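with the input below, show me the fold.
(2 chains)
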Amino acid sequence: DTAVSQTPKYLVTQMGNDKSIKCEQNLGHDTMYWYKQDSKKFLKIMFSYNNKELIINETVPNRFSPKSPDKAHLNLHINSLELGDSAVYFCASSLGRNTEAFFGQGTRLTVV
Amino acid sequence: KNQVEQSPQSLIILEGKNCTLQCNYTVSPFSNLRWYKQDTGRGPVSLTIMTFSENTKSNGRYTATLDADTKQSSLHITASQLSDSASYICVVSARANAGNNRKLIWGLGTSLAVNP
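Residues are numbered from 1 along each chain as shown, chains lettered A, B, ... in the order given. Sure thing, here's the model as predicted:
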């Protein structure tokens, strides 16, 4: 019954690898997001999709590429991982662009 | 520059006591302000949302206030419980342009520890 689910919950990988984080929501929401929370606990939006269409793309290295196969899924693919990519990545969804966001449990990415 | 500042950075209180968390913002044009609770290892959960015309809003033991003139908000927690131990994050929404998009500016949060 998890509303917004992300996998995996933990991910440890070496520098230079490529990895993906998956996100699915069963709330019927139109908008999905990816956030990055660094070691200082600051949450920063990375991307937002509305009905599979990219609507927010903050300044993020192009090694990060979101993919939305349908409006219930928003996956995040990261190429050539760097040490600075280590963080907790949160997926979220909302009914519309200006409504409350519901967050997943987060994916703790550690690049070694 | 759009900014959200929260204070204190961290707070320790005894179970049963009240506390107040502060949020000051310099965000324009203002759309709304939310308080989120984030338990350790979990995603944030919305507690309240306040629009420009609202001064006070309660959600159980949580009461949020908003002063749009001074651009300040507070979150008051009454009769604290151990489960209130979490980070409380203030998020201010600004209209990004004439369209339907908005920009979210997140505070760094206040880390609250409720001790028995």
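
right, is the helix or strand encompassing B:Thr63 up against chain A?
Per DSSP states H and E: B:Thr63 is located in strand B:62-67. No - using C-beta under 8 Å from any C-beta of the partner chain, strand B:62-67 stays clear of chain A, with a minimum separation of 14.1 Å. In this view, the C-beta of every residue, glycine as well, is placed from N, C-alpha and C.

buried residues of that strand, list them for me.
For strand B:62-67, burial by neighbour count (16 or more other C-beta atoms under 10 Å in any protein chain shown) applies to B:62-66.

so where's chain A shaky on pLDDT?
Within chain A, the ranges that satisfy pLDDT under 70 run A:1-2, A:97-98.

what's the answer for chain B, then?
Low-confidence segments of chain B, defined by pLDDT under 70: B:96-102.

for the closest residue to chain B within chain A, give me its contacts.
Here the residue of chain A nearest chain B is A:Phe103; by C-beta to the nearest C-beta that distance is 2.8 Å. A:Phe103 sits next to A:4, A:35, A:90-92, B:42-45 when contact means C-beta atoms under 8 Å, 6 or more residues apart in numbering or on different chains.

residues from chain A in reach of chain B?
Near chain B, when you scan chain A using C-beta under 8 Å from any C-beta, you find A:4, A:40-45, A:55-56, A:90, A:92, A:97-98, A:100-106.

whichever of those end up buried, select them in PyMOL.
To isolate the buried members of the residues of chain A next to chain B in PyMOL, using 16+ other C-beta under 10 Å:
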select buried, chain A and resi 4+43+45+56+90+92+97+101+102+103+104+105+106
